[in-house]
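> model the structure of this input:
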Amino acid sequence: MKEKLKIIGGAMLALIVISVVGFYFSMANYYSDKFLCGTWINGIYCTGLTVEEVESRLVSENSAEYFAVTDYEGNTEQICLSDVGYYISYGEELRNIMHTQNPLSWLGSYFTRRTYDVVPVCSVSENALRETVYEMEFMSAMQYDETLHPYIVRTREGYALVDETKHLLCPEEAYHAIYEEIRNHGDSISLNEAGCYRDVPITDDMQEVYDLWASIEDVQDFRVTYMFGEEEFVIDSSETSSWIMTDENGRFVYDSSGDLMISEEEVAKTVNEMSEIFSTLGGTHRFFTTDGEWIEVSGGTYGNDIDEAAEINNLLTLYRSGMRACRRTPQYEEQGAEPGRDDLGDTYVEVDMGEQKLYYYEEGQLLLETDIVTGNQARGWDTPSVVCYVYSKQRNRILRGATYATFVYYWMPIYGNIGFHDATWRRSFGDDIYTYDGSHGCVNMPKEAAAALYDYVEIGTPVILYN
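Numbers count the residues shown, from 1 in each chain. Sure thing, here's the model as predicted:
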């Protein structure tokens with residue numbers, strides 16, 4: 001009986017051993033074409049998966065649709081990878097991992113973790129990629145050419161340096177950089193960082209152009225802003241470029257120190273241009289009348305008159321001092337109440353000869369209104385329509401002419417021998433008296449009005465006479 005039990009026990013043990021060994025080898029056979037337990041590849045859990053199954057997962061998760069190309073200016077274009085035969089494969093790397101594992105060690109793999117990072121093999125159709133790259137927008141940029149040379153041109157804004165020798169695209173280098181980046185599984189490239197742009201090496205001739213441009217810039221950087229009230233006159237490169245002297249062949253002229261010469265004649269033209277705009281003396285003034293109309297009055301002795309000779313000298317002095325930017329008001333030979341073209345200000349005497357009225361405004365407020373009598377129209381002694389100013393004030397004056405000597409209490413000359421004064425011999429003022437019994441050209445006023453005006457006005461107060 002005991003012997004029989006031993007036989008049965010031995011048989012059962014043998015069966016168990018055979019079963020365990022069989023199971024172990026069957027599992028080893030199972031893992032012969034699959035990754036062992038605890039295998040992670042590029043973040044994917046690969047236990048029990050074949051090479052093909054893992055590759056399918058990796059390709060689906062890591063296959064890009066587009067490749068981005070950024071040029072020197074920062075513009076980005078896309079290459080559709082499916083259009084250039086793009087293909088990626090992880091097969092070789094995965095098979096290498098598979099070959100390194102021992103299926104017989106499958107049991108031990110349950111107690112260990114193996115992590116792998118693999119890079120795919122990427123391929124692309126070179127012909128299709130080349131055709132696509134050469135049709136991209138960035139390829140229209142200036143391309144590298146050693147014969148390119150900087151040069152200087154004249155524009156409306158002044159001289160300008162045209163320099164197309166910097167940051168030039170090298171097309172073949174760009175193509176190869178894109179090709180290699182795609183093959184290395186990249187999804188974008190900066191052509192600038194990849195070294196696809198180059199500068200033309202500077203030659204002696206090029207350096208001469210750069211040195212000349214530096215001298216021109218020094219002149220053109222000179223900028224003066226003249227202030228005329230709310231208006232400005234700016235002297236910038238569009239003006240100063242014309243100051244640079246050239247000979248009859250258009251070549252620049254240098255002084256004994258090797259500096260570009262400045263034409264004082266051209267500086268004078270600039271100042272004269274400014275004066276033509278902002279010197280108002282003797283010109284036409286726009287004026288808003290008490291009756292609410294805009295009129296224009298030309299001629300007279302009032303206004304701003306820029307001292308052109310002084311300003312020419314001032315500009316040359318500023319330029320030669322090395323100053324390159326400033327704001328200033330011009331020097332004047334004659335100066336009105338306000339700078340600029342609107343120089344009348346808000347304190348003035350208005351004489352409406354059509355209505356035979358005189359108005360005095362101070363800081364925009366009407367302080368005096370009176371009837372007057374102006375020059376005798378019938379005798380051709382009309383008071384002129386001009387813009388002038390009170391240039392003197394006198395009390396108790398005798399006014400003398402060829403046929404008269406008249407005493408007045410208040411005398412305020414404004415234009416030659418013409419002025420404001422009281423006319424105590426007149427009984428009335430205004431209406432059409434001036435057409436048949438007017439003055440010799442002066443503006444006659446009631447004594448009380450003349451006294452008030454005398455107290456109000458200061459020497460230099462503008463006077464607008466119009467009909």
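> could I get the contacting residues of the spatially most central residue of the chain?
Note on the chain: the residue nearest the mean C-alpha position is E157, at 13.7 Å, using C-alpha atoms, centre = their mean. When contacts are counted by C-beta atoms under 8 Å, 6 or more residues apart in numbering, E157 touches D236, S237, S238, S241. Yep, even glycine has a C-beta here, placed from its N, CA and C like the rest.
> okay, now the nearest residue to the first one once chain neighbours are set aside: neighbour count?
Right, D236. Distances taken as C-beta to C-beta, 6 or more residues apart in numbering put R223 closest to D236, at 5.1 Å, once the chain neighbours are dropped. R223 is flanked by 16 other residues according to other C-beta atoms under 10 Å.
> shouldn't R223 be in contact with I235?
Yes: the pair R223 and I235 passes the contact test of C-beta atoms under 8 Å, sitting 6.6 Å apart.
> helices along the stretch 151-300 of the chain, start to end?
171-183, 204-220, 237-240, 264-278 (DSSP state H, counting those that start in this stretch).
> out of the ones you listed, nearest to S256?
Nearest to S256 among those is helix 204-220; the distance by C-beta to C-beta comes to 14.7 Å.
> so which elements touch that closest one?
Applying 3 or more C-beta pairs under 8 Å, 6 or more residues apart in numbering; DSSP states H and E, one finds that helix 204-220 contacts strand 151-155, strand 158-162, helix 237-240.
> how about a markdown table for the ones you listed, with mean pLDDT and distance to D305 added?
Output for the helices and strands packed on helix 204-220, formatted as a markdown table (pLDDT from 0 to 100; distance: least, C-beta to C-beta, whole Å):
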| stretch | mean pLDDT | distance to D305 |
| --- | --- | --- |
| strand 151-155 | 95 | 33 |
| strand 158-162 | 96 | 30 |
| helix 237-240 | 95 | 21 |
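> most packed of the ones you listed?
Of all the helices and strands packed on helix 204-220, helix 237-240 has the most neighbours on average by mean count of other C-beta atoms under 10 Å, namely a mean of 20.
> quick one: the spatially closest residue to F138 that is not a sequence neighbour from V162, how far?
Closest residue to F138 apart from its sequence neighbours, by C-beta to C-beta, 6+ apart: D71 at 3.9 Å. D71 sits 21 Å away from V162 when distances are taken as C-beta to C-beta, to the nearest Å.
> cool, W425 as well?
Remark: distance between W425 and V162 (C-beta to C-beta) = 79 Å.
> likewise E311?
Using C-beta to C-beta, E311 is found at 34 Å from V162.
> please apply the same query to A68.
Distance from A68 to V162, by C-beta to C-beta: 32 Å.
> equivalent analysis for A451, please.
72 Å.
> now T374
Counting by C-beta to C-beta, the gap from T374 to V162 is 65 Å.
> so where's this structure uncertain?
Within the chain, the segments meeting pLDDT under 70 span 1-2, 4-11, 13-29, 32, 104, 106-109.
> domains for it, by residue range?
Residue ranges for the domains of the chain, per automatic domain parsing: 1-28, 221-279+304-334, 348-466.
> end-to-end on the longest one?
So that's domain 348-466. 14 Å (C-alpha to C-alpha, to the nearest Å).
> same check, this time on stretch 304-313
19 Å.
> can you tell me what sits against that stretch?
With contacts defined as C-beta under 8 Å, 6+ apart, stretch 304-313 is touched by 264, 267-268, 271-272, 274-275, 278-281, 330-336, 339-340, 343.
> ok so, going back, most packed of the domains of the chain?
Most buried of those, by mean neighbour count (mean count of other C-beta under 10 Å): domain 348-466, with a mean of 18.
> now do that domain: distance to the chain's middle.
Centroid separation for domain 348-466 versus its chain: 54 Å, with C-alpha atoms, centre = their mean, to the nearest Å.
> distance check, Y348 against V373.
21 Å.
> actually, S105.
130 Å.
> swap in A268?
A268 is 47 Å from V373, by C-beta to C-beta.
> beyond the longest strand seen in the chain, next helix or strand please.
Determined from DSSP state E, the single longest strand within the chain is strand 405-415. Later in the chain than strand 405-415, the nearest helix or strand by DSSP states H and E is strand 418-422.
> got the domains of the chain as CSV, with distance to R113 columns?
Shown next, in CSV, are the domains of the chain (distance: least, C-beta to C-beta, whole Å):
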stretch, distance to R113
domain 1-28, 19
domain 221-279+304-334, 69
domain 348-466, 92
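> ok, which of the ones you listed comes nearest A141?
Nearest to A141, of those and by C-beta to C-beta, is domain 221-279+304-334 at 27.8 Å.
> that closest one: how far from the chain's middle?
Centroid separation between domain 221-279+304-334 and its chain, computed with C-alpha atoms, centre = their mean, is 24 Å.
> stretch 339-351 now?
Relative to the mean C-alpha coordinate of its chain, stretch 339-351 is positioned 36 Å out (C-alpha atoms, centre = their mean).
> what about that stretch, how long is it end to end?
For stretch 339-351, the separation between the terminal residues is 23 Å (C-alpha to C-alpha).
> ditto for stretch 182-192
With C-alpha to C-alpha applied, stretch 182-192 spans 17 Å between its terminal residues.
> go on, stretch 122-142?
End-to-end span of stretch 122-142 (C-alpha to C-alpha): 31 Å.
> buried stuff in that stretch?
Using 16 or more other C-beta atoms under 10 Å as the test for burial, stretch 122-142 gives C122, V124, L129, R130, T132, V133, F138, A141.
> helix or strand: which one has the fourth one?
Secondary-structure element containing R130, defined by DSSP H and E: helix 126-134.
> can you name the next helix or strand after the strand or helix carrying A309?
Taking DSSP H and E as the criterion, A309 maps to helix 308-320. Counting by DSSP H and E, the next helix or strand C-terminal to helix 308-320 is strand 325-328.
> which element follows that following strand toward the C-terminus?
With elements assigned by DSSP H and E, the helix or strand that comes after strand 325-328 is strand 332-334.
> parallel or antiparallel, list what pairs with the next helix or strand after that following strand.
Using DSSP H and E, the next helix or strand after strand 332-334 towards the C-terminus is strand 348-352. Using DSSP bridges, strand 348-352 pairs in its sheet with strand 357-362 (antiparallel), strand 462-466 (parallel).
> kindly provide the distance from the closest residue to Y226 other than its chain neighbours to K269.
Counting by C-beta to C-beta, 6+ apart, F233 is the residue found nearest to Y226 once chain neighbours are left out, at 4.3 Å. Distance from F233 to K269, counting by C-beta to C-beta: 14 Å.
> for V253, same thing?
In this view, V253 and K269 are 17 Å apart by C-beta to C-beta.
> picking that back up, just the buried residues of stretch 122-142 now: which is nearest R57?
Closest approach to R57 among these (C-beta to C-beta): C122, at 17.2 Å.
> just confirm the closest one is within a helix.
No: under DSSP: H, G, I helix; E, B strand; the rest coil, C122 falls outside any helix and is assigned strand.
> I figured L465 hits V386, correct?
Yes: here L465 reaches V386: they are 5.6 Å apart, a contact under C-beta under 8 Å.
> quickly list what's touching both of those two.
The contact sets of L465 and V386 overlap at V297, G300, Y415 (C-beta under 8 Å, 6+ apart).
> for N75, state which of these is nearest.
Once C-beta to C-beta is applied, the member of the shared contacts of L465 and V386 that ends up nearest N75 is V297, at 59.5 Å.
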